[in-house]
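Colleague: what would the 3D arrangement of this be:
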Amino acid sequence: MLVGYQNYYYTYYITEQVGTTTVTRYLYSEPYRDRVEYFQQTMLSSITWYSQLTSNQTKLLTYRSYCWLNPYYPWDMQCHWVSEWRTDQYYQPAYRFSYTTVYVPYVVTDYRPVYGSVRVPVYQQVRRTGVCSVPVYQFVGGDGAVTLNSDGTFTMWVPQSSCVYSPYTNSYLEATPQVVYNGRACRQQLNATLSQYTSYVRVYILTSVTYSVATSQRYQCQTIYWPTWVYQYSYDCSYEVSCNPWTNSFSRTSEWYSSDGLTKYVRTEYHPGCPDCWVYCTTYVYRKVDQPVTDCRWMPYDFIQQHMTGNYYQNAYYTYRESYWYTQQCWDTYTLTTTSAARSELVDRYVPNTSWQQMTFRMPAMPDVQIGVNPGAMGLTGLPSWFWADNVGISETEGPYGVRARLVPVRYDWDFNGDGRVDLSTTSPGRPYPMPSDVRYTYERSSASQPGRAYQVRLTVVYELQVNAGQGYRTVGTLVQERSRPYPVQQLQSSLGG
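Modeller: All right, here's what the predicted structure looks like:
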């Protein structure tokens, strides 16, 4: 058990991690959004022949515009009647040029910077205070650590200690941010353009238009639509694939879809073995359409019949259509990581160097404990007797090197009958009369049958041997002290008077 230390303080410097810092660096720019923007442009729209009105005549026409079946009663037909004023017109041929303002699309791709962040340790030279602690006095510890001698002394070990210089190497890892290539990333980039289409339409230029009511039937249906792949066309794709002259013949089929999911492409390839290395490839194109499932009926309806007279002319139309498609756009990506480099430094240090020698100290004088009792001359059966220990206290002494030792009573074992058994064990010595003692015993029989016609009351006091070498008292062993005294007890008798 270690009793005392002598501390020697010294100053040294050491590189230590005092925290962390976040390092952020720009790595690259990546496209993340395509925006379609427009600019206006005026273009020729058409050359149109028309009939120039010369005279007209208005009249009222009444007809069934639409008839339908009640969905719950199909035989119940209902019609919607309308009346319209129509005008018979008479024309002469004429033409005009038309212009329109179109919005030409172009795609702007937005880019955003990509940054990388890592946390790296922060190192700093830190001033430290070292402590080299050498024991002032030390017991070996365990059973026999302190030897209690028969001549009233005890023996313990005393060190001969000092601090010696013993540097050591402090190793640590210093992290440095590093940009690492992380491969290529790709996306579908939007493209847009404006295309012009010219069409010619043969038109009938009226010289007269008249109207009358006519009756017909319309095939009307109730429809449910199911998405179905419908064959559109196929094309030869032999020029899109390459052959391997070192393999045997094989066939394979692959399919893929457009970005909107509405078009499916199925490619079949046949690769014949050498020496014929030509690849036979066909791509079939299917379009997803809503296939109707219909319950149809013929329903009557009226319509206004138009009667026209005139000659044929040719109109020219210029249409402009926006086209969109996607291409693959790829760019290099990078990641910010850290690399570690080993660092080391020599740090000053002092360590204890201790040798030991045995030393004997004088034991403190043990108090002369006496047993006190009330009633003092003779006890009575049936009545409690109060006991206490007189002259109890702490005994202390000082030895070489300033080492102090003391005996401290910690337990009192009482045998009131003299039979060798402990009747009461306390940490209190009791209190002397006239104060009521907390150590008491009630005898049930007189001591007439005991040797000397008295009970032998025995007290065993247990002491702890404690040593203080400058760091407070520590218990290093135990000692016992025994005391006894005779105590006669008389039978208590009572008499009854009449």
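Colleague: buried residues of stretch 38-46, list them for me.
Modeller: Ser45, Ser46 (16 or more other C-beta atoms under 10 Å). No exception for glycine: its C-beta is placed from N, CA and C like everyone else's.
Colleague: quick one: contacts of it?
Modeller: Stretch 38-46 is contacted from outside by 97-106, 196, 315-318, 320, using C-beta atoms under 8 Å, 6 or more residues apart in numbering.
Colleague: and which of those is nearest to Leu465?
Modeller: For the contacts of stretch 38-46, the closest approach to Leu465 (C-beta to C-beta) belongs to Tyr106, at 100.7 Å.
Colleague: quick one, what contacts that closest one?
Modeller: Val36, Glu37, Tyr38, Phe39, Ala192.
Colleague: pull the distance from the helix or strand harbouring it to the chain's centre.
Modeller: When elements are defined using DSSP states H and E, Tyr106 is found to belong to strand 73-138. Offset of strand 73-138 from its chain centre (C-alpha atoms, centre = their mean, to the nearest Å): 30 Å.
Colleague: separation between the spatially closest residue to Phe97 that is not a sequence neighbour and Leu383?
Modeller: Once flanking residues are discounted, Phe97 sits nearest to Ile47: 5.9 Å by C-beta to C-beta, 6 or more residues apart in numbering. Distance, Ile47 to Leu383, using C-beta to C-beta, to the nearest Å: 144 Å.
Colleague: mind checking how far stretch 487-496 is from the chain centre?
Modeller: 84 Å.
Colleague: give me the contacts around the helix or strand just after the strand holding Tyr106.
Modeller: Proceeding N to C from strand 73-138, the next assigned helix or strand is strand 147-148, under DSSP H and E. Applying C-beta under 8 Å, 6+ apart, the contact partners of strand 147-148 are Phe154, Thr155, Met156, Met363, Leu465, Gly477, Leu479.
Colleague: how close does the closest residue to Pro177 other than its chain neighbours sit to Pro121?
Modeller: Spatially, and ignoring its direct neighbours in sequence, Pro177 is nearest to Val23 (4.7 Å; C-beta to C-beta, 6+ apart). Val23 sits 11 Å away from Pro121, going by C-beta to C-beta.
Colleague: how about Tyr487?
Modeller: For Tyr487 relative to Pro121 (C-beta to C-beta), the value is 79 Å.
Colleague: between Ile47 and Leu383, which has more neighbouring residues?
Modeller: Each of Ile47 and Leu383 has its neighbours counted (other C-beta atoms under 10 Å); Ile47 has more, 15 against 12.
Colleague: in the sheet, who's paired with Cys163?
Modeller: Here Cys163 sits in beta bridges with Pro352, going by DSSP bridges.
Colleague: which residues touch Val279?
Modeller: Per C-beta under 8 Å, 6+ apart, neighbours of Val279: Ser238, Val241, Ser242, Cys243, Glu269, Tyr270, His271.
Colleague: show the pLDDT at the last one.
Modeller: In this model, His271 is scored at 78, pLDDT.
Colleague: with the fourth one instead?
Modeller: Listed pLDDT for Cys243 reads 66.
Colleague: what average pLDDT does stretch 367-379 get?
Modeller: Mean predicted confidence for stretch 367-379 is 91.
Colleague: ok, back up a step: quick check: the farthest pair among the contacts of stretch 38-46?
Modeller: Top of the distance list for these (C-beta to C-beta): Tyr106 and Asn315, 31.0 Å.
Colleague: re earlier: roughly how far apart are the residue nearest to Phe97 and Thr100?
Modeller: Taking C-beta to C-beta, one finds Ile47 at 13 Å from Thr100.
Colleague: what of Gln466?
Modeller: 112 Å.
Colleague: and these two? Which one has more around it.
Modeller: Gln466 (19 against 13).
Colleague: and the gap between the more buried one and Thr478?
Modeller: Taking C-beta to C-beta, one finds Gln466 at 10 Å from Thr478.
Colleague: do the same with Glu345
Modeller: Counting by C-beta to C-beta, the gap from Glu345 to Thr478 is 52 Å.
Colleague: same deal with Gln328?
Modeller: In terms of C-beta to C-beta, Gln328 sits 90 Å off from Thr478.
Colleague: who's more crowded, these two?
Modeller: Between Gln328 and Thr478, Thr478 has the larger neighbour count (other C-beta under 10 Å), namely 13 against 8.
Colleague: pLDDT averaged over stretch 421-428 - what is it?
Modeller: Stretch 421-428 shows a mean pLDDT of 92 in the predicted model.
Colleague: identify the residue nearest Arg297 in space, chain neighbours excluded?
Modeller: Gln220 (5.9 Å).
Colleague: what's the helix or strand for the one you found?
Modeller: Gln220 belongs to strand 168-236, assigned by DSSP H and E.
Colleague: what is that strand packed up against?
Modeller: Helices and strands touching strand 168-236, by 3 or more C-beta pairs under 8 Å, 6 or more residues apart in numbering; DSSP states H and E, are strand 2-70, strand 73-138, strand 280-347.
Colleague: that older thread, how about the residue nearest to Phe97, what does it touch?
Modeller: Tyr95, Arg96, Phe97, Ser98, Asn315, Ala316.
Colleague: how about a cut-off of 10 Å?
Modeller: With contact taken as C-beta atoms under 10 Å, 6 or more residues apart in numbering, Ile47 is in contact with Tyr95, Arg96, Phe97, Ser98, Tyr200, Gln314, Asn315, Ala316, Tyr317, Tyr318.
Colleague: now, of those, which are buried?
Modeller: Asn315, Tyr318.
Colleague: follow-up on the earlier one: more crowded one of Tyr487 and Pro121?
Modeller: Higher neighbour count among Tyr487 and Pro121: Tyr487, with 25 against 16, using other C-beta under 10 Å.
Colleague: which regions of the stretch 1-150 of the chain lie under the pLDDT threshold?
Modeller: Along the stretch 1-150 of the chain, the parts satisfying pLDDT under 70 run over 1-4, 69-76, 136-145.
Colleague: then the stretch 251-400 of the chain?
Modeller: 274-277, 292-295, 357.
Colleague: please name the bridge partners of the closest residue to Trp229 other than its chain neighbours.
Modeller: Spatially, and ignoring its direct neighbours in sequence, Trp229 is nearest to Tyr286 (4.2 Å; C-beta to C-beta, 6+ apart). Taking DSSP bridges as the rule, Tyr286 bridges to Tyr231, Lys264.
Colleague: tell me which of the contacts of stretch 38-46 is nearest to Arg184?
Modeller: Distances from Arg184 to these, taken by C-beta to C-beta, are shortest for Tyr106, at 26.3 Å.
Colleague: name the residues linked to the closest one by a beta bridge.
Modeller: In beta-bridge terms (that is, DSSP bridges), Tyr106 pairs with Glu37.
Colleague: would you map out the domains in this protein?
Modeller: Domain assignment for the chain, taken from automatic domain parsing, gives 1-137+165-228+290-352, 363-490.
Colleague: could you check how far the longest one is from the centre of its chain?
Modeller: When distances are taken as C-alpha atoms, centre = their mean, domain 1-137+165-228+290-352 is centred 33 Å away from the chain's centroid.
Colleague: A strand includes Gly393, no?
Modeller: No: judged by DSSP: H, G, I helix; E, B strand; the rest coil, Gly393 forms no part of a strand; its state is coil.
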